[in-house]
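>>> Generate coordinates for the sequence data below:
(chains A and B)
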2 protein chains.
Amino acid sequence: MDAKFDLKQYMTQLGVQARKASRELMKATTNQKNSALLAIADTIESSKTTLLAENQKDLDAGAKKGLDAALLDRLALDDERIASMAEGVRQIVALPDPIGEINDLKYMPSGIQVGQMRVPLGVIGIIYESRPNVTIDAAALCLKSGNAAILRGGSEAAYSNQALASCIAEGLKAAKLSTASVQVVETTDRQAVGELITMPDYVDVIVPRGGKGLIERVSADASVPVIKHLHGVCHVYIDGKADQDKAISVAFNAKTQRYGTCNTMETLLVDKVIAAEILPKLIRMYEKEGVEIRGCAQTQAIVANINSATDEDWDTEYLAPILSIKTLDGLDEAIDHIHQHSSGHTESIITEDLTSTRRFMAEVDSSSVMVNTSTRFADGFEYGLGAEIGISTDKIHARGPVGLHGLTSQKYVVFGDGHIRG
Amino acid sequence: MDAKFDLKQYMTQLGVQARKASRELMKATTNQKNSALLAIADTIESSKTTLLAENQKDLDAGAKKGLDAALLDRLALDDERIASMAEGVRQIVALPDPIGEINDLKYMPSGIQVGQMRVPLGVIGIIYESRPNVTIDAAALCLKSGNAAILRGGSEAAYSNQALASCIAEGLKAAKLSTASVQVVETTDRQAVGELITMPDYVDVIVPRGGKGLIERVSADASVPVIKHLHGVCHVYIDGKADQDKAISVAFNAKTQRYGTCNTMETLLVDKVIAAEILPKLIRMYEKEGVEIRGCAQTQAIVANINSATDEDWDTEYLAPILSIKTLDGLDEAIDHIHQHSSGHTESIITEDLTSTRRFMAEVDSSSVMVNTSTRFADGFEYGLGAEIGISTDKIHARGPVGLHGLTSQKYVVFGDGHIRG
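Here you go, the predicted structure:
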């Protein structure tokens, strides 16, 4: 790209092409979309050598730039990760096509018949960071749901993403779909994001996937609706009437099964009537696992030698082996604490009491509300969505794990026989 | 309000109070919400004298300011309008409570049981213009759907709206619900709108109701999600295989049944193979009704002495007895024209052909897509929603007529028995 490269014009052109492709995709049959997906999966596998070579260029550039080991690991492709990308696409082929389904078709008193038809959103812009597999996941989900996609990956994965873009283009061509159905932004100019999120004529929704910084920036500046997944400060509340074995097992799993995920518990709330029995055992288990405990004063009074939780702890997503614990006075205080400090992602109550369960379910305002279940289950695969493009902590449109349905809209369809309004 | 009145502080306080009230409303039983609504309806009727007196102050001020007759008419209350407001509230009492319904509860392979529970959005900000009845409609819909509301009406209806706010407060008190459940902004300072739409901590969604100018301004400046209803450039397409009687009847009704509504047809598209038979009759009927016709060249070649449609006509919402007519070459051209010029509100095809119907239904991307039905049916009451707060032309969240469900969200609920993730 030369000095005269006009970013705005380039992005607008992507938008115009995407809008046009989206009209074709809206009409594409399930077979056609599945053929494209299968061809993409095959091409990914047959392009392994190229993909690894291009990925190596990103890794070399990253090492030169001094990216840390964790980031380089996320960036790296290998045989297994390539096979898993292809497998992910084939799993999406196996999902039912949501487009065109008509729900609740009913006759009205006037004689007209009214229902709702599921349709694509149109054009989806996806902004993500280093993992190259997002290029394939996002493309496959958008394609299956009949949406055109404009993908903007991180600059550190530029070579890998372009190589994957070629695989996608091959698959689209094989199924006689426009290659503009999935476009990967070629420039690494950061302002491309600024353009993408302010083209409401060409982009119907933006899905940012990445760290909190990226998502906050995109949300603040976008003039296009954003399906956002901000962060997860998830709670488990052990009620006074909890089964202790379940409580210990779930609370341990919710923290330690994986530390870096948004559905990991960050704060454990414990009813004071049960705290003295449960906390010593549980904290010993956490400490054995290397989890740092930060407790409130009541918790410290029960278990010696643990750090104090500060006010900041209650609002922190650690994404690390750290857990804050608060001992409190029953369900009302637990719900209050959650209302004040939760990010609205996932909360779980451990109890055998039906009334407490019903209240917790009704009154906790988060995207997933659970009983006797580890928060780690808050996930599109575990919820049977087949795949997910993210987990929305918004209340508008899609909430919780977002699968194919979250990338669709419903329009009203009305059947009449010459009906006029009187 | 004195010189030291701090608008930002005032609006923030409304927000804090609304957020608090919304937590109570989330827990309110159906009976409690219905009791409040019935008490509001009763209070409206028993406050007729006060309502008329306060309304008269608005009318006097409006006349002094030189408001036109149409605006003064929209502003005016009389016995019938007051009765109809109360009746509207009672109709909302009769609707089923959407809150708490759990859908699609299913066991997953892991053994957890996953479903979706319908819950309130939280706090809804509604910004509207002169009609005082919106104060009551909006309050009743928000209340029934468990949402707290902050209402901001037009300054020309300030006395009427405050009088109605008192009726609402009475009803809330009678049902022991917080009067902060519905708050009517007291200041007429225009900047109150600017504050209301940029308080994401306290307001979950904004619904602007009014002219295009208001809605565009709100959408451009809001940092809170907006459920917007921009405008309606609605089309009827008379296909070559239309039944002529149905075509004439529907096309006439869609334009002439009411001129000023967003679901009124503004452009008629006619397949050229049927135009010569249909258009002379139909245009005569329109002209007899006083509708000005603006035709394309092909239409003018069929019917003499009609005005020319300019490029601008195809994008204009007349809201008046004016109709643009385009004669074109079949379904593909019709769909193309609609994609280019429709506002995404409502389009109807008149045909007896199944394949054309299926294509029109699938390919036209509007909030309502109809066959053999007058566009005038695009309405929450006609669709069986019981009431509507507006018609959304967005694709995100609520699309088409927005009733109680559009003011709700769905969260995931997960039931386990100590399930942990492996």
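
>>> what's residue A:263 sitting at in phi/psi?
Backbone dihedrals for residue A:263, given as degrees, to the nearest 10, come out at phi -100, psi 10.

>>> ok, now which ones touch it?
A:232, A:234, A:345-346, A:368, A:375-379, A:391 (CB atoms under 8 Å, 6 or more residues apart in numbering or on different chains). Backbone N, C-alpha and C define where each C-beta goes, glycine included.

>>> name the helices or strands packed onto the lowest-mean-pLDDT helix or strand in chain A?
The helix or strand of chain A with the poorest confidence is helix A:212-221; it has a mean of 87 (mean pLDDT, DSSP states H and E). Counting contacts by 3 or more CB pairs under 8 Å, 6 or more residues apart in numbering or on different chains; DSSP states H and E, helix A:212-221 packs against strand A:205-209.

>>> the inter-axis angle of the strand it packs on versus helix A:212-221?
160 degrees (axes from the mean of the first three to the mean of the last three CA atoms, to 10 degrees).

>>> For strand A:205-209, which helices and strands make contact with it?
strand A:123-128, helix A:133-144, helix A:212-221.

>>> now the helices for the stretch 251-400 of chain A?
Using DSSP state H, counting those that start in this stretch, the helices found in the stretch 251-400 of chain A span residues A:272-288, A:297-302, A:330-341, A:354-363.

>>> quick one: which of those helices is nearest chain B?
helix A:354-363 (5.7 Å; CB to the nearest CB).

>>> Can you show me the helices along the stretch 101-250 of chain A?
Under DSSP H, counting those that start in this stretch, the stretch 101-250 of chain A gives helices at A:133-144, A:158-174, A:191-196, A:212-221, A:244-256.

>>> quick revisit: how about the helices of the stretch 251-400 of chain A in TSV, adding mean neighbour count and mean pLDDT?
Listed next are those as TSV, based on neighbours: other CB atoms under 10 Å in any protein chain shown; pLDDT from 0 to 100:
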stretch	mean neighbour count	mean pLDDT
helix A:272-288	17	98
helix A:297-302	17	98
helix A:330-341	17	97
helix A:354-363	17	97
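
>>> Turn those helices into CSV, including distance to chain B.
Output for these, formatted as CSV (distance: least, CB to the nearest CB, whole Å):
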stretch, distance to chain B
helix A:272-288, 13
helix A:297-302, 23
helix A:330-341, 7
helix A:354-363, 6
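
>>> Out of these, which gets nearest to residue A:135?
helix A:330-341 (35.1 Å; CB to CB).

>>> tilt between that closest one and helix A:272-288?
Going by the same axes, to 10 degrees, helix A:330-341 makes 60 degrees with helix A:272-288.

>>> pLDDT weak spots in chain A?
A:1-4 (pLDDT under 70).

>>> Can you give me the domain boundaries for it?
A:7-227+A:401-414, A:234-382 (automatic domain parsing).

>>> any chance of the helices of the stretch 101-250 of chain A in a markdown table, plus mean neighbour count and distance to residue B:215?
Shown next, in a markdown table, are the helices of the stretch 101-250 of chain A (neighbours: other CB atoms under 10 Å in any protein chain shown; distance: least, CB to CB, whole Å):
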| stretch | mean neighbour count | distance to residue B:215 |
| --- | --- | --- |
| helix A:133-144 | 26 | 29 |
| helix A:158-174 | 22 | 38 |
| helix A:191-196 | 19 | 24 |
| helix A:212-221 | 15 | 21 |
| helix A:244-256 | 22 | 44 |
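
>>> how far is stretch A:149-156 from where the chain is centred?
16 Å (CA atoms, centre = their mean, to the nearest Å).

>>> same thing with stretch A:158-171?
Using CA atoms, centre = their mean, the offset of stretch A:158-171 from its chain centre is 22 Å.

>>> Let me see the residues that make contact with it.
A:36-44, A:47, A:50-51, A:54-55, A:57-58, A:61, A:75, A:77, A:85, A:132, A:135-136, A:139, A:151, A:153, A:179, A:182-184, A:186, A:188.

>>> Quick check on those: which are buried?
A:36-44, A:47, A:51, A:54-55, A:58, A:61, A:75, A:77, A:85, A:132, A:135-136, A:139, A:151, A:153, A:179, A:182-184 (16 or more other CB atoms under 10 Å in any protein chain shown).

>>> And the residue of the stretch 101-250 of chain A that's closest to chain B?
For the stretch 101-250 of chain A, CB to the nearest CB, closest residue to chain B: residue A:246, 3.3 Å.

>>> State the distance from the residue lying closest to residue A:120 once chain neighbours are set aside to residue A:398.
Among residues not flanking residue A:120 along the chain, residue A:146 sits closest, at 3.6 Å (CB to CB, 6 or more residues apart in numbering or on different chains). Computed as CB to CB, to the nearest Å, the residue A:146 to residue A:398 distance reads 16 Å.

>>> right, and residue A:136 touches residue A:89 too?
Yes. Between residue A:136 and residue A:89 there is a contact at 6.3 Å, judged by CB atoms under 8 Å.

>>> Need the overlap of contacts for these two.
With CB under 8 Å, 6+ apart as the test, residue A:136 and residue A:89 both reach A:40, A:44.

>>> Can you tell me which of the helices and strands packed on strand A:205-209 is nearest to residue A:203?
Using CB to CB, the nearest of the helices and strands packed on strand A:205-209 to residue A:203 is strand A:123-128, at 4.6 Å.

>>> Tell me which other helices or strands that closest one touches.
Secondary elements touching strand A:123-128 (3+ CB pairs under 8 Å, 6+ apart): helix A:7-27, helix A:133-144, strand A:148-152, helix A:191-196, strand A:205-209.

>>> Would you give the sheet partners of it, along with the direction of each?
strand A:148-152 (parallel), strand A:205-209 (parallel) (DSSP bridges).

>>> Comparing these, which comes out most buried?
strand A:148-152 (a mean of 28; mean count of other CB atoms under 10 Å in any protein chain shown).

>>> Nearest to the spatial middle of chain A, which residue is it?
In chain A, the centroid-proximal residue (CA atoms, centre = their mean) is residue A:390; its distance is 1.0 Å.

>>> Any idea how many residues pack against the residue lying closest to it once chain neighbours are set aside?
Leaving aside its sequence neighbours, residue A:390 sits nearest to residue A:229 (CB to CB, 6+ apart; 4.4 Å). For residue A:229, the count of nearby residues is 27 (other CB atoms under 10 Å in any protein chain shown).

>>> Contact partners for residue A:229?
So residue A:229 contacts A:208-209, A:215, A:262, A:390-393 (CB under 8 Å, 6+ apart).

>>> buried ones in the strand ranked longest in chain A?
Determined from DSSP state E, the single longest strand within chain A is strand A:408-419. Neighbour counts over strand A:408-419 (16+ other CB under 10 Å) mark A:408-416, A:418-419 as buried.

>>> Good, we can wrap up now.
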